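# the sequence and its predicted three-dimensional model are supplied below.
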Amino acid sequence: MAPENKRIYTARKIAVLVLKLSVSAALFYLLISKIGTKTIIHNIKLSSPLSFISAVGVYMLAAFFSSLRWKLLIPQSMKTKRLFSMYMIGSFFNTCMPGTIGGDAVKAYYLSSELKKSQKSAVSGREASIAVASVFMDRYVGFSAMLVISMIAFPFGFRYLEGTPVKWFMPIVLAVFISGSIVVFKFRFGERLRFLFKVYEYFKIYSKKRDILFKAFLYSVFVQISGIFAVYMLSRGIALDIPFLSLLIFVPIIILISFIPVSISGIGLREGAFVIFLGTIGVSPDLSVTLSILWFLSVVVASLWGLFEYLRFKAVLGREVK
């Protein structure tokens, strides 16, 4: 990349980061100013430490099962411990260092480096494409499980969405997801590009391994339900009696809203979504925001394990990501 283009690219990244920080700060300030910082801090102090520790443990367990799922999607024998390290490193970058480099990119880079180091690699010459494709498929299967869980719960919990502006949100997302999948897998969009051609070769191989995909899907169901259960435990920790079915409906929507790339780690968007959705079942704004913050903090605490793994294994997994 030419020096001038590099400067422009860097300036754009900084501008986007500043914009996201501004959006998160504005949204968060808007919520907190109406509720009061002291109220939120008071609620957090009264929350059960056991429920918070349990939520952190559930996230770690879910990350381990996510690593098992990822292992299934890599056509090369890999140690689960090593993949778990990479997964937690990716989680740390996604949660604690947004805007620097994406966690999925870190995972793909380290996996590619690990595959290249293997003397008997079954994917020689295709390490980068295999790494990217496996990370994508890992995300894809996980997202599929979230949609399935949401749609199974949808007819039973539709009453929780009545009165909200997004009551048909998940069915619309499902329709878009299916349409996008057809474009990617059936029409093989962008296949003529050399790198994408290799990625599609990976998809072709795994499309025939339905037993592996089904097992990966089952892991994903466990991971998604674990995440929702963590929110449920945190809600009990602040004395909220929220029906688990309502969380099966709300949490997937909140996760998708927090993915909208206009804020840092979904801060502001997530809290606002909690206030809107939990408000429909009578939860006060201060407790809704408290629950959102506790959930985010539990993920941050769990993700700090990824920092430890990064510092410990960066020499083994590959050169330091800059």
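Sure, I can see it. Predicted model only: the values in this text are computed from it and were never measured.
# buried sites along stretch 168-175?
Of the residues in stretch 168-175, 169-170, 173-174 count as buried by neighbour count, 16 or more other CB atoms under 10 Å. For every residue, glycine as well, the C-beta is placed using N, CA and C.
# correction: the previous question concerned stretch 267-275.
Applying 16+ other CB under 10 Å to stretch 267-275 flags 267-275 as buried.
# next: stretch 41-55.
43, 47, 51-52, 54-55.
# run the chain-centre distance for stretch 243-262.
On the basis of CA atoms, centre = their mean, to the nearest Å, stretch 243-262 sits 12 Å off its chain's mean C-alpha point.
# circling back: and the two most separated of the buried residues of stretch 41-55?
Maximum pairwise distance among the buried residues of stretch 41-55 (CB to CB): 18.0 Å, between N43 and S54.
# who's in contact with V199?
Applying CB atoms under 8 Å, 6 or more residues apart in numbering to V199 gives the contacts 129, 132-133, 136.
# do that again at 7 Å, thanks
129, 132-133 (CB atoms under 7 Å, 6 or more residues apart in numbering).
# mind listing which of the buried residues of stretch 168-175 are in helices?
Per DSSP state H, helices hold the following members of the buried residues of stretch 168-175: 169-170, 173-174.
# report pLDDT for the closest residue in space to L161 that isn't next to it in sequence.
Leaving aside its sequence neighbours, L161 sits nearest to K167 (CB to CB, 6 or more residues apart in numbering; 3.9 Å). pLDDT, K167: 82.
# pretty sure K167 is touching G157, no?
No: here K167 lies out of contact with G157, judged by CB atoms under 7 Å, at a distance of 10.7 Å.
# so after the helix or strand of the chain with the lowest mean pLDDT, what's the next helix or strand?
In the chain, the helix or strand scored least confidently by mean pLDDT, DSSP states H and E is helix 194-207, which has a mean of 72. Next helix or strand after helix 194-207 toward the C-terminus (DSSP states H and E): helix 210-237.
# buried sites along the helix or strand following that next one?
Reading on from helix 210-237 to the C-terminus, the next helix or strand found by DSSP H and E is helix 244-258. Of all the residues in helix 244-258, those buried under the rule 16+ other CB under 10 Å are 246-258.
# show me what helix 244-258 is packed against.
helix 127-157, helix 169-181, helix 210-237, helix 269-279 (3 or more CB pairs under 7 Å, 6 or more residues apart in numbering; DSSP states H and E).
# give me the mean pLDDT for that helix.
92.
# related to what we said a few turns ago, mind putting the contacts of V199 into JSON lines with distance to S67, pLDDT and neighbour count?
Formatted as JSON lines, these follow (distance: CB to CB, whole Å; pLDDT from 0 to 100; neighbours: other CB atoms under 10 Å):
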{"residue": "S129", "distance to S67": "21", "pLDDT": "84", "neighbour count": "21"}
{"residue": "V132", "distance to S67": "18", "pLDDT": "87", "neighbour count": "22"}
{"residue": "A133", "distance to S67": "17", "pLDDT": "87", "neighbour count": "25"}
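# distance to Y110 added to those, as a markdown table?
A markdown table is the format used below for those (distance: CB to CB, whole Å):
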| residue | distance to Y110 |
| --- | --- |
| S129 | 15 |
| V132 | 12 |
| A133 | 15 |
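# now S47: phi and psi?
Backbone torsions of S47, given as degrees, to the nearest 10, read phi -70, psi 150.
# poorly predicted segments of the stretch 1-150 of the chain, please.
1-10, 98-101, 118-125 (pLDDT under 70).
# all helices of it, in order?
3-35, 37-46, 49-72, 80-96, 103-117, 127-157 (DSSP state H, counting those that start in this stretch).
# what's the spacing between the longest one and its chain's center?
In terms of CA atoms, centre = their mean, the gap separating the centre of helix 3-35 from the centre of its chain is 20 Å.
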